[in-house]
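Asks: Here is my input; please provide its structure:
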Amino acid sequence: MRNKTILLAALGLLSGCATPVGDHHPEWKAYFDRYHAQGCITVYDASAAVFIDYNADRCVQRFAPNHTLVLPCALMAMQSGLAADTTALLPVEQAPTSLAQFVRTCEPRSVDELARLLRQQPLQRYLQRIGYGNQQFHFNSDDPLRPRRTAISADEQVRFLKKLRTGALRTSPEQLYQLIGLMRQPADSSTKLYALASPADTITTGWYIGWIEKENRAWYFALNYEFLPHAPAWPVDAGRNITHAILRELKLLP
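Replies: Presented below is the predicted three-dimensional model:
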């Protein structure tokens, strides 16, 4: 656990906290077991500088971001002028597609098409500038529709989300408001939930990332998972359901 504390401090998530606090929940494995899945989750309380997790060793391991890569891609598209805002139509071969559609569509090719418009080298330089995961982006010649080598950990997802929400990534307030609005999920009147799902399948890691705003505080979360070989089904909402169950246990969701 000491290694995770060191990493979180390096990521800037524990600044101002002399004695970082960790709260580890091995019993949360039961939520993953319900879906015949393995994975991890990090929940970070920004006000208290407290991290809460299940499977802390996995929380620092990097996995392909899959559809969650659409968030830095969308930021770059607006910052570079490729899209004026999330409603702008981009030139995709099949049909012009808005940035909002790219964000909301979880099909594997969606983020890859957006990345192709941004181009490999400029996108890699952008990931390096914002410190996203391993800061790599390369198209795989064996499977050009799926990028490889980009990888990010759950803890690094939380760091990125904190930068996104607080406006630290040099996006205009109007553009940021639109992008964050695409992540807004239903919740009760006292809670704001923002989330993005990237469902797992038989070969990909699934993600469910976002944050909760409640009582002038923010909690960031990132979950990743894979279905075990014996899983009888691969429900697309598994990541969401696991995360929401944990957030309800923490009394962050009703």
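Asks: where along the stretch 51-200 of the chain do the helices fall?
Replies: 56-59, 70-80, 99-104, 108-118, 120-130, 154-165, 173-181 (DSSP state H, counting those that start in this stretch).
Asks: worst average pLDDT in those?
Replies: Among the helices of the stretch 51-200 of the chain, helix 108-118 carries the lowest mean pLDDT, at a mean of 86.
Asks: Compute the number of surrounding residues for residue 190.
Replies: Number of residues near residue 190 (other C-beta atoms under 10 Å) recorded here: 9. C-beta: built from backbone N, CA, C; applies to glycine.
Asks: List the residues that contact it.
Replies: Counting by C-beta atoms under 8 Å, 6 or more residues apart in numbering, residue 190 touches 214-215.
Asks: can you check residue 186 too?
Replies: Here residue 186 is in contact with residue 193 (C-beta under 8 Å, 6+ apart).
Asks: Same question for residue 65.
Replies: Contacts for residue 65 were tallied using C-beta under 8 Å, 6+ apart; they are 133, 150-152, 157, 198, 207.
Asks: out of those, which are buried?
Replies: Among those, those scoring as buried are 133, 150-152, 157, 198, 207 (criterion: 16 or more other C-beta atoms under 10 Å).
Asks: hmm, back to that, can you flag which of the contacts of residue 65 belong to strands?
Replies: Of the contacts of residue 65, the ones assigned to strands by DSSP state E are 198, 207.
Asks: Make a markdown table out of the contacts of residue 65 and add distance to residue 106.
Replies: What follows is those, written out as a markdown table (distance: C-beta to C-beta, whole Å):
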| residue | distance to residue 106 |
| --- | --- |
| 133 | 19 |
| 150 | 17 |
| 151 | 19 |
| 152 | 17 |
| 157 | 16 |
| 198 | 6 |
| 207 | 10 |
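Asks: if I look at residue 154, how far off is residue 207?
Replies: Plainly put, residue 154 is 8 Å away from residue 207 if you go by C-beta to C-beta, to the nearest Å.
Asks: so what sits against both of these two?
Replies: Taking C-beta under 8 Å, 6+ apart as the criterion, residue 154 and residue 207 both touch 222-224.
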